[in-house]
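In: fold the following.
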Amino acid sequence: MRQRPVIYQIFTRLFGNTNSARKVNGTLQENGCGKMRDIDTDTLKRIREMGITHIWYTGVIRHATATDYSAYGIPCQTPMVVKGKAGSPYAITDYYDIDPDLAVEVDQRMEEFLSLVKRTHEAGMKVIIDFVPNHVAREYHSIRKPETTKDLGETDDTFFHFSTKNNFYYCWGQPLDVSQLPQPEEGGAVYEENPAKATGNDHFDNHPGRNDWYETVKLNYGIDYCDAGGKSEHFDPIPDTWSKMTDILLFWASKGVDAFRCDMAEMVPAAFWTWATDKVKFAYPHIQFIGEVYDPAQYRAYIAAGFDLLYDKVGMYDCLRDVICQRRPTSAITWQWQSNDDILGHTLYFLENHDEQRIASDFFASDARKAVPALAVCAWLHPNAVMVYAGQEFGERGMDEEGYSGKDGRTTIFDYWSVDTLLRGYYDRRRLKKEERALHGIYCKILRLANEEPALREGTFYDLMYMNPQLSDRQFVFLRKAGKKVVLIVANFDEKEVDCEVVIPRHAFEFLQMTEGKRIVTDLLSDSKSTMMIKADGCHGVKVPGYGVVALSFTV
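Out: Next up is the predicted model:
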């Protein structure tokens with residue numbers, strides 16, 4: 001049986017942290033930190049029961065932090081080039097190491113990670129980790145790399161701005177200008193770098209600003225971005241960075257991970273991905289690659305380069321967010337899926353992740369219930385993958401002011417913090433609020449049905465919007481069919497209950513090989529049964545609650 005990926009993103013540092021101090025800009029000692037061991041067998045079982053097939057453990061590879069782990073032989077980072085006390089998980093300091101914050105016994109951090117992988121597999125789920133290929137922390141230095149491996153930048157010739165033998169880009173003869181960056185606290189060290197390296201967000205001079213990815217440096221995959229004739233590619237011979245980064249992928253594949261979520265994949269040339277994914281999948285055929293690609297025009301190039309799934313952020317995410325917030329009609333959903341009709345099996349739909357604002361935040365919808373119809377669209381529209389961010393299923397608002405992150409509607413990735421909804425949801429369920437339990441129950445039903453119901457898992461799709469213009473503003477209707485089972489889905493984005501008259505055209509009967517007649521219909525979400533006359537070009541009355549979904553199943 002083909003299993004649709006239902007991914008649960010866990011920001012590992014926050015997930016199991018039971019420290020409720022929540023001091024703004026607090027240290028590790030003040031605010032605590034979640035550990036890999038907190039994600040125990042019972043917790044994993046509860047996640048699996050929600051219909052989850054994959055867990056994306058975000059931030060497990062060692063990254064820049066202001067916390068001092070020198071007692072364990074781990075190099076300290078200069079706080080001036082660390083964002084927040086905890087640091088960004090996308091400023092990697094050692095591709096071959098596990099972040100010490102996440103371990104109970106720091107010296108056993110890799111063993112604790114391997115135990116987490118084993119527990120996750122035993123719970124019936126697969127493991128995804130981040131691969132951050134475009135940039136590293138400014139003070140990258142691996143202490144855990146294989147003895148025969150040269151470190152990134154170790155053999156670079158810093159007299160060259162660009163060379164295929166170099167891992168970084170250099171501003172020859174110019175030190176890093178830190179005048180525009182946040183200045184160190186009193187008594188703190190001023191960061192020095194000479195010559196300056198190019199900054200991770202393709203900033204190729206020596207004076208990044210505070211809004212740049214100033215804590216990172218760009219990796220060189222053989223593209224000269226400052227060529228006198230414009231950007232030029234130099235892929236023959238194979239650039240040194242290609243080999244080193246592919247070795248890192250192979251290293252983690254050997255540890256039992258099942259997939260890589262590849263950060264900012266489109267900032268790395270597709271040619272590298274073709275080369276690397278081929279080698280990794282040859283050695284580990286089960287490994288999947290999930291790409292963060294924001295430009296829809298490049299989707300097909302990166303799928304051809306070996307990606308199994310791509311974020312559809314600029315596509316379906318932006319569309320559904322606008323529908324939820326009443327900036328677009330529901331008919332826009334049809335146009336959105338049609339624009340990627342040929343690659344729908346490679347898309348990853350989501351409504352939240354660590355980069356995006358929480359649905360229930362004041363910056364998005366203010367109420368998590370408003371996204372329930374959108375969740376059904378994400379999970380049931382096509383046989384695509386769907387992702388949920390931990391806390392989303394309880395309506396986490398993301399309105400804390402944690403420190404570096406500030407009050408922005410997002411859950412911080414830079415600070416030591418704890419998320420009270422997650423504590424209630426997984427570690428003290430007696431404190432769960434009534435509305436949180438209700439929302440969680442809806443999420444469980446929708447996500448479970450994505451795989452348990454064959455018509456929703458792998459069935460043929462038929463969009464009914466073109467025959468139902470009366471619904472094109474706040475409702476979305478479609479059919480799924482597998483074998484003799486048909487499911488009619490009506491998603492209501494309006495706060496009020498609606499009585500819909502859904503027309504199923506004769507073409508749908510022909511296309512899906514459906515027959516007319518009186519049928520017993522079962523609502524898959526409520527298990528309620530009724531009878532309905534299924535008729536070509538006929539109207540079918542469906543009552544849908546506000547911010548609700550009805551999924552009527554019947555046989556033909």
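In: please enumerate the helices of the protein.
Out: Taking DSSP state H as the criterion, the chain carries its helices at 12-15, 28-31, 41-48, 109-122, 240-253, 270-283, 299-304, 318-324, 331-339, 372-380, 420-422, 434-452, 454-458, 506-512.
In: so which of those helices is nearest N492?
Out: N492 sits nearest to helix 372-380 of all the helices of the chain, at 5.8 Å, using Cβ to Cβ. From N, CA and C alone the C-beta is placed, and that goes for glycine too.
In: and the angle for the closest one with helix 434-452?
Out: Interaxial angle, helix 372-380 versus helix 434-452 (axes from the mean of the first three to the mean of the last three Cα atoms, to 10 degrees): 20 degrees.
In: what's in contact with helix 372-380?
Out: If you take Cβ atoms under 8 Å, 6 or more residues apart in numbering as the criterion, helix 372-380 is touched by 6, 316, 320, 323-324, 333, 349-351, 386, 439, 442-443, 446-447, 449-450, 456, 476, 480, 487, 489, 491-493, 547-549, 551.
In: repeat the analysis, applying 7 Å as the threshold.
Out: 320, 323-324, 333, 349-351, 386, 442-443, 446-447, 450, 456, 476, 480, 489, 491-493, 547-549 (Cβ atoms under 7 Å, 6 or more residues apart in numbering).
In: just to revisit the earlier point, which one of the helices of the chain lies closest to R138?
Out: Of the helices of the chain, the one closest to R138 (Cβ to Cβ) turns out to be helix 240-253, at 16.9 Å.
In: which helices and strands does the closest one pack with?
Out: helix 270-283 (3 or more Cβ pairs under 7 Å, 6 or more residues apart in numbering; DSSP states H and E).
In: please redo it, this time with the cut-off set to 10 Å
Out: Counting contacts by 3 or more Cβ pairs under 10 Å, 6 or more residues apart in numbering; DSSP states H and E, helix 240-253 packs against strand 126-131, strand 259-262, helix 270-283.
In: so how far is it off the chain centroid?
Out: On the basis of Cα atoms, centre = their mean, to the nearest Å, helix 240-253 sits 22 Å off its chain's mean C-alpha point.
In: distance between the ends of stretch 39-52?
Out: 15 Å (Cα to Cα, to the nearest Å).
In: which among the helices of the chain is found nearest to P469?
Out: The nearest among those, by Cβ to Cβ, is helix 331-339 at 7.9 Å.
In: between helix 372-380 and the closest one, find me the angle.
Out: Using the same axes, to 10 degrees: helix 331-339 against helix 372-380 is 20 degrees.
In: which other helices and strands does helix 331-339 contact?
Out: When contacts are defined as 3+ Cβ pairs under 10 Å, 6+ apart, helix 331-339 packs onto helix 318-324, helix 372-380, strand 460-463, strand 475-482.
In: so Y426 sits right up against Y8, yeah?
Out: No: using Cβ atoms under 10 Å, Y426 is not in contact with Y8; the gap is 11.6 Å.
In: name the residues contacting each of the two.
Out: Contact criterion Cβ atoms under 10 Å, 6 or more residues apart in numbering; residues shared by Y426 and Y8: I47, A390.
In: buried set for stretch 5-24?
Out: Residues of stretch 5-24 classed as buried by neighbour count (16 or more other Cβ atoms under 10 Å): 5-17, 19, 22.
In: got JSON lines for the helices and strands packed on helix 240-253, with mean neighbour count and mean pLDDT too?
Out: Output for those, formatted as JSON lines (neighbours: other Cβ atoms under 10 Å; pLDDT from 0 to 100):
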{"stretch": "strand 126-131", "mean neighbour count": "22", "mean pLDDT": "98"}
{"stretch": "strand 259-262", "mean neighbour count": "26", "mean pLDDT": "98"}
{"stretch": "helix 270-283", "mean neighbour count": "18", "mean pLDDT": "98"}
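In: so which of the ones you listed gets nearest D295?
Out: Between the helices and strands packed on helix 240-253, helix 270-283 lies closest to D295; by Cβ to Cβ that is 11.6 Å.
In: next, the angle from the closest one to helix 240-253.
Out: Counting by the same axes, to 10 degrees, helix 270-283 lies at 30 degrees to helix 240-253.
In: and helix 270-283, what does it pack against?
Out: helix 240-253, strand 259-262, strand 288-291, helix 299-304.
In: which strands or helices does the last one pack on?
Out: To tie it back to what came earlier, the one meant is helix 299-304. So helix 299-304, by 3+ Cβ pairs under 10 Å, 6+ apart, packs with helix 270-283, strand 288-291, strand 309-311.
In: quick one: which of the ones you listed is nearest P89?
Out: Per Cβ to Cβ, nearest to P89 of these: strand 288-291, 16.0 Å.
In: and that closest one, which strands flank it?
Out: strand 259-262 (parallel), strand 309-311 (parallel) (DSSP bridges).
In: closest one to A536 among those?
Out: Per Cβ to Cβ, nearest to A536 of those: strand 309-311, 36.6 Å.
In: and the nearest residue to V477 once chain neighbours are set aside, backbone torsions?
Out: Spatial nearest neighbour of V477, chain neighbours left out: L464 (4.4 Å); criterion: Cβ to Cβ, 6 or more residues apart in numbering. Phi and psi for L464, reported as degrees, to the nearest 10, are phi -100, psi 0.
In: run a quick neighbour tally on L464.
Out: 21 (other Cβ atoms under 10 Å).
In: list the residues that contact it.
Out: So L464 contacts 334, 471, 476-479, 488-490, 502-505, 508, 540 (Cβ under 10 Å, 6+ apart).
In: between these, which is closest to D408?
Out: Nearest to D408 out of the contacts of L464 is F476 (Cβ to Cβ; 29.5 Å).
In: how near is that closest one to G441?
Out: 22 Å (Cβ to Cβ, to the nearest Å).
In: looking at those two, which one has more neighbours?
Out: F476 (29 against 12).
In: hmm, that one is touching R328, no?
Out: No: in this structure, F476 is not within contact of R328 by Cβ under 10 Å, at 11.4 Å.
In: joint contacts of those two?
Out: L320.
In: hang on, isn't K535 packed against A508?
Out: No: using Cβ under 10 Å, K535 is not in contact with A508, being 11.4 Å away.
In: got CSV for the helices and strands packed on helix 299-304, with distance to I223 too?
Out: Formatted as CSV, the helices and strands packed on helix 299-304 follow (distance: least, Cβ to Cβ, whole Å):
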stretch, distance to I223
helix 270-283, 9
strand 288-291, 18
strand 309-311, 21
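In: out of the ones you listed, nearest to D236?
Out: Among these, helix 270-283 sits nearest to D236 (Cβ to Cβ), with 10.0 Å.
In: report the angle between the axes of that closest one and strand 126-131?
Out: Angle, helix 270-283 to strand 126-131, by the same axes, to 10 degrees: 140 degrees.
In: kindly export helix 270-283 (C-alpha atoms) in CSV.
Out: What follows is helix 270-283, C-alpha atoms only, in CSV (Å, rounded to 0.1, in the frame of the first residue of the first chain):
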residue,chain,number,x,y,z
ALA,A,270,20.4,21.9,-9.4
ALA,A,271,23.5,20.3,-11.0
PHE,A,272,24.9,19.5,-7.5
TRP,A,273,21.6,17.9,-6.4
THR,A,274,21.6,15.7,-9.5
TRP,A,275,25.1,14.5,-8.7
ALA,A,276,24.6,14.2,-4.9
THR,A,277,21.1,12.6,-4.8
ASP,A,278,22.2,10.0,-7.3
LYS,A,279,25.1,8.9,-5.1
VAL,A,280,23.1,8.9,-1.9
LYS,A,281,20.1,7.0,-3.4
PHE,A,282,22.5,4.5,-5.0
ALA,A,283,23.9,3.7,-1.5
